[in-house]
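Trainee: Here's my sequence, what's the structure:
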Amino acid sequence: MDFVVPIFLKTLFESAKKAGLLDLAQKTGEALYDQLVQEKLGPLFKTKLGRLIESAVAAVAEQYAVRQSQFMLAVLTDPTIAAAMDNLGTGELPTRSLLVPVFQGLLPGADAAVAADRFVQKLYDGLSRDQELVNHALLLLSEREAERHQTLVRMLQALSQQLQQPQTAPPPPLPAIPTTRLALVLARAADGQFSVALQRGEEILVPPQPAVLPRDFPLTYEDHLKALASGVTRGWATPVASRDQLLDRLGRQLAAFFLPGEIGNKVHEAIAEAQQRNERVEITFRAGDPQLLSLPIEATHDPAINLPLVLYPHVAVSRALAGTASRPATGIPGPLRLLVLIGSPEEGKTKEPLLDLEAELRTILDAVDHARHGSNCIVEILEEGSLENLSAKLEAEPFHVLHISCHGKPGALILEDRDGNPVEVSPQKLADTIAATGHPHVPLIVLASCLSGVAAAPGDGSDLGSFATQLVQRGFPAVVAMQHPVSDAYATSLAGYLYKHLADDEVPSPLWAFSKARRQVELDRRQGANGKGQGGKEPSGQGGNETRGEEPEYATPALYLGGEEVPLFDRRQPFERVRPQPQPAAVHGLCLRRVGDFIGRRRQQRQIRRALAEQGKSGALITGMGGVGKSALAGHVIENLVKEDWLPVTLVGRVNETDICRAVGDQLWSFAEQMQLPNDHALRRLATPLRAVYGITDEQRRLALVTVLQNLPVLLLLDNFEDNLAEDRQTFRDPELAGFLQSLTDMRLAARLLLTCRHPVPSLRHGLSEIPLGPLSVQEMRKLLLRLPNLKDLAPAQRLAVYQKVGGHPRLLEFLDAILGGGKARFADVSRKLEDKLHELNLSSEALPENLEEALQTAVAAGCRDILLEELIALAQQHPGDWDLLLGAAVYELPVDLTGLAFQRFGRPAVPGEAKPLALSARRLASLSLLSAGEAEHYFVHRWTAGPLLQKAEPAQQRHWHQAAADYWQWRVRNQSHDMQEAALAVRHLLQAENLDEADNLGWGILEQLMNWGHFSQAASLNREMLAYFPVTHSAYPRLSVNLGDLLISLGEGEAARQYYE
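Mentor: Alright, predicted model coming up:
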């Protein structure tokens, strides 16, 4: 292999290596490797063959903790290997003797030989399973490198012939890594005394020894952390060092219990010997009493050197319930099959915080991306986390892994039904659901939910153990569960590493893949990753605490085994041919977002799917202000429906009947080409008249289209449909299009229509279900901010400013991020749109503001141009009552019902005869997209349009509307909600109405109540906000200032408190 590389880089790399300057050698090696990839390997690595080579390298690099770039560089540049490859004459793949010299420079001792075997075997297995890959390699080499690699061509030709012959015996097994298997057998006598014994296989190394726990020692990890933290910290606000110290103390206490005396010595000796010989140790904690398995086992230290057992590189720790046996393995063949079930009830239907499921999905898919492209991994995602969906999927096909991501509590998972309501699922219910399917054997279940490893409270089945323990009792071989509430960041990173190892490792062992994943996430934390895991993912701040991802959580996950652990499948056996995984639909005119970039909207997704399935309706109409995410939502829905065999047809902007016919015909023809259907196939015959330009009448073309739509599952998306409406936003520019679409909605069709429009379309109201799309919720907005590089690290006060001025408007948030980034957005389509709007404002990307306040102003100005705000205002002002109502609604920070609007118009709730005209005004404003109409007739003005709207009113008018808003929230608190947060909203409106005396009276009562409840952080926030409005001359100012100082002292912010006392 004659690779041309910059000689100075290669010389520097070799010199640095010889001099022991490892950091310099590593950086130089990476630069050299990048140069090789760009110049010689770039084209190759874009091919299936190149990905196989990279996968073989990655498998060895992951297995032996060698940097992939460093190893690949050595393989490509080592003169011994380069010469040997050019002189190969036997027609065989590179032998271990050729690769060992490379590994000897990277690995100690016997590891070099084992790694060489693994690399060769991985490469050979990939080639030997795939005739298409061999043919592609032959074609690639014959076109580009035939003269220089004749030997390799001959080897591939021979391999191609072998593949066409009957299968021979499987290749011999890979060299097994010697493993010592120890079991710590726990027992509790009738008198409550504990004992522990040590076994190696069936051999008893140490007979049962007394084991003593400290007095009042909590039996669960969750309770133990609570007890240790009592009086020292408030929950997860503990500094990182303190949490490390708590875990260290816990680990030493558990070592004294599990590993007393001789047992501890023998375990330490076994680990030390394994490290010296580069072997492995598996330690199983086994008990017949499920409650004993609730102990925080994973925190246990090696008593000899005070290091957690689970963090040893050569050690794997698991739990096992004595007397259980897993179901016999059914031998599910490779590739790795992963089923992900997402349980996330809709906001408003559950009190649980919103999980960042999109980030978790993206991490899982990124972790196995190369394996999926190489047909080494199949991932199926069930975004509707119902047991019915799970049952249907397992009825259809088997899976090696079931990953369930949801909230949980001891003894139950919180899944959802088809309507997004929360559903508590017991272990028995889940096990029965799986057992009743056509593929009841799931070798590994991963419960990415809080407290899935904690037993229920006494009287609630605690004698049966945790959710995970009960699944093992019902025959499931391996279950991963959580012993404590787990952060989104940790669960996401752990899953990413786990599935990467299962997809890449030569032996897909759940035990060792899980053990390596745990260590890698903890290593990321200790190396200063600040909570970033696989791929540098950010913590989502579940529950509102962003610090949690930075704390040690290595003792939280646990692996339960139901018997002797076995690999998920045998890579040496031929992989079963599976149907190709549906790729993201290349939908014309739509910019589809990859998994993880599309945030939330789960309720609207359900509504759209229900509308598409509803009898008597022809589809759905998504309405909402420009930039709110209508097209992205439609694209996401289409992407999922394509997997269910719907055929998408998309048109954007102004269309006519002929455009629709030709688009449907082109899509049918494209599908026929993709499926290689014969020329006389019915689909081609249907497509031909639709695509024809001449020789066909409009009536014939329409008849052909109706035939298609009545018989085929076509999903016709008309995006940006507002371009087809006249200036009044009510009637069509093209009356023929109106009649055509009306006739379609009156028919019974197999096809469905999906429209996105900034305004309702009255003439289609009866045929399409309207689905209004408002701003992102606060939690969804927070998730989006974490994905925006220039906004993710905002301080709380800055985030509040963004929320108040922009709200949950996705495009405005993307604009703001791009402006702070010099005009460059995450997505090309957003960058182009922003550039157009900046041009209209006579601004260039070189002159964009760098501070947040000015960037907010620029983003709002660009957004106003984007939605034609001034033109919409002119239409609203044609009805004076509507205009005043809109300005009054603009002061509300949260959606309000018709009563909230009534307070702005009448200063009180509406009386009979007033409600109907009020609702009519609200609907007219909603049709202009100036007022967002949400669930249960709640209305809201987007925060970023509220600012420009209120600037058109006099200050006295604004104070009047804020006073009316304060009156409304106080009325709701007294008569309906009795909610402290709504009372605080009333205080904010009173402050902006400059009614300081009433604000002080109401606000002080709220502060006293919050302080009595111990909610000091919320009290300090409200106190600080009140103080900002009061002049120093007001009688309440000294009291509020001193109180804020006291609150800051309580929160440990003594330095900040000083200014309020002074």
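Trainee: low-scoring stretches of the protein, by residue?
Mentor: Residue ranges of the chain with pLDDT under 70: 1-175, 216, 218-242, 325-330, 347-363, 365-375, 457-464, 528-550, 577-597, 934-936.
Trainee: Longest helix of it, counting residues only.
Mentor: Longest helix in the chain by number of residues (criterion: DSSP state H): helix 955-975.
Trainee: Next, report how far the very next helix or strand once past that one is displaced from the centre of its chain.
Mentor: Going down the chain from helix 955-975, the next helix or strand is helix 980-992, by DSSP states H and E. Counting by Cα atoms, centre = their mean, to the nearest Å, helix 980-992 is centred 35 Å from the centre of its parent chain.
Trainee: And the contacts of the helix or strand just after helix 980-992?
Mentor: Downstream of helix 980-992, the first helix or strand assigned by DSSP H and E is helix 996-1013. Outside helix 996-1013, the residues that touch it by Cβ atoms under 8 Å, 6 or more residues apart in numbering are 966, 970, 980, 983-984, 986-987, 990-991, 1016, 1018-1019, 1022-1023, 1026, 1029-1030, 1034, 1036, 1039-1040, 1043, 1047. The C-beta positions use only the backbone N, C-alpha and C, and glycine is treated the same way.
Trainee: out of these, which are buried?
Mentor: With neighbours counted by 16 or more other Cβ atoms under 10 Å, the contacts of helix 996-1013 contain buried members at 966, 970, 983-984, 986-987, 990-991, 1016, 1018-1019, 1022-1023, 1026, 1029-1030, 1036, 1040, 1043, 1047.
Trainee: so P410 makes contact with L451?
Mentor: Yes. Using Cβ atoms under 8 Å, P410 is in contact with L451, at 5.1 Å.
Trainee: So if I had to pick from those two, which one is more boxed in?
Mentor: L451 (27 against 20; other Cβ atoms under 10 Å).
Trainee: surely F598 meets V637?
Mentor: No. In this structure, F598 is not within contact of V637 by Cβ under 8 Å, at 10.1 Å.
Trainee: Between these two, tell me which one has more neighbours.
Mentor: Set side by side, F598 and V637 show more neighbours around V637, with 23 against 19, by other Cβ under 10 Å.
Trainee: Let me know the outermost residue of this protein.
Mentor: Taking Cα atoms, centre = their mean as the measure, the residue most remote from the mean C-alpha position of the chain is G695, 52.0 Å away.
Trainee: sec struct for H403, please.
Mentor: Here H403 takes the strand state, with states given by DSSP: H, G, I helix; E, B strand; the rest coil.
Trainee: Likewise for the one 5 residues further on?
Mentor: Classification of G408 by three-state DSSP places it in strand.
Trainee: And the strands in the stretch 651-800 of the chain?
Mentor: 714-719, 752-757, 768-772 (DSSP state E, counting those that start in this stretch).
Trainee: May I see these organised as CSV, with distance to N851 and mean neighbour count added?
Mentor: Listed next are these as CSV, based on distance: least, Cβ to Cβ, whole Å; neighbours: other Cβ atoms under 10 Å:
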stretch, distance to N851, mean neighbour count
strand 714-719, 36, 24
strand 752-757, 35, 24
strand 768-772, 35, 20
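Trainee: Turn those into TSV, including distance to L703.
Mentor: Output for the strands of the stretch 651-800 of the chain, formatted as TSV (distance: least, Cβ to Cβ, whole Å):
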stretch	distance to L703
strand 714-719	16
strand 752-757	19
strand 768-772	23
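Trainee: now for those strands, which one comes closest to S921?
Mentor: Set against S921 and scored by Cβ to Cβ, the strands of the stretch 651-800 of the chain come closest in strand 768-772, at 16.7 Å.
Trainee: angle of that closest one against strand 752-757?
Mentor: 40 degrees (axes from the mean of the first three to the mean of the last three Cα atoms, to 10 degrees).
Trainee: what about K916, neighbour count?
Mentor: Neighbours of K916 (other Cβ under 10 Å): 9.
Trainee: Repeat that for the one 3 residues further on.
Mentor: The local packing count at A919 equals 15, with neighbours defined by other Cβ under 10 Å.
Trainee: Also L498?
Mentor: When neighbours are defined as other Cβ under 10 Å, L498 has 28 of them.
Trainee: Q520 is in contact with that one, correct?
Mentor: No. The criterion here is Cβ under 8 Å, and L498 misses it with Q520 at 9.5 Å.
Trainee: domains for this protein, by residue range?
Mentor: As assigned by automatic domain parsing, the chain contains the domains 7-163, 179-321, 336-561, 602-772, 778-867, 869-969, 995-1062.
Trainee: Show me which of those has the highest average neighbour count.
Mentor: domain 336-561 (a mean of 22; mean count of other Cβ atoms under 10 Å).
Trainee: Pull the contacting residues for the residue nearest to S1050 when sequence neighbours are not counted.
Mentor: Nearest residue to S1050, sequence neighbours excluded (Cβ to Cβ, 6 or more residues apart in numbering): F1016, at 4.8 Å. Applying Cβ under 8 Å, 6+ apart to F1016 gives the contacts 1010, 1047, 1050-1051.
Trainee: same deal with V761?
Mentor: Neighbours of V761 in contact, by Cβ under 8 Å, 6+ apart: 621, 721, 725, 755, 768.
Trainee: Tabulate those residues (CSV), appending distance to E564.
Mentor: Below are the contacts of V761 laid out as CSV (distance: Cβ to Cβ, whole Å):
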residue, distance to E564
L621, 57
F721, 61
L725, 68
L755, 57
L768, 58
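Trainee: Show me the two of these that sit farthest apart.
Mentor: L725 and L768 (14.5 Å).
Trainee: How much space separates the residue farthest from the centre of the chain from R782?
Mentor: Distance, G695 to R782, using Cβ to Cβ, to the nearest Å: 58 Å.
Trainee: for L259, same thing?
Mentor: 43 Å.
Trainee: okay, the domains of the chain in CSV with distance to D570 next?
Mentor: Formatted as CSV, these follow (distance: least, Cβ to Cβ, whole Å):
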stretch, distance to D570
domain 7-163, 11
domain 179-321, 18
domain 336-561, 9
domain 602-772, 29
domain 778-867, 39
domain 869-969, 52
domain 995-1062, 54
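Trainee: residues contacting the residue lying closest to I332 once chain neighbours are set aside?
Mentor: Spatially, and ignoring its direct neighbours in sequence, I332 is nearest to P398 (4.8 Å; Cβ to Cβ, 6+ apart). By Cβ under 8 Å, 6+ apart, P398 lies in contact with 330, 332, 337, 439, 441.
Trainee: one more time with 7 Å, if that's ok
Mentor: By Cβ atoms under 7 Å, 6 or more residues apart in numbering, the contact set of P398 is 332, 337, 439.
Trainee: and which of these is nearest T492?
Mentor: Distances from T492 to the contacts of P398, taken by Cβ to Cβ, are shortest for R337, at 20.8 Å.
Trainee: where's the closest one, which helix or strand?
Mentor: Counting by DSSP H and E, R337 is found in strand 336-342.
Trainee: Next, the angle strand 401-405 makes with that strand.
Mentor: 20 degrees.
Trainee: just checking, what packs against strand 336-342?
Mentor: helix 357-367, strand 377-382, strand 401-405, helix 488-504 (3 or more Cβ pairs under 7 Å, 6 or more residues apart in numbering; DSSP states H and E).
Trainee: Now distance to L715 too, for the ones you listed, in CSV please.
Mentor: Shown next, in CSV, are the helices and strands packed on strand 336-342 (distance: least, Cβ to Cβ, whole Å):
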stretch, distance to L715
helix 357-367, 23
strand 377-382, 19
strand 401-405, 28
helix 488-504, 31
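Trainee: out of these, which comes closest to E699?
Mentor: Closest to E699 of the helices and strands packed on strand 336-342, according to Cβ to Cβ: strand 377-382, at 44.3 Å.
Trainee: just checking, next helix/strand downstream of the closest one?
Mentor: According to DSSP H and E, the helix or strand after strand 377-382 is helix 387-396.
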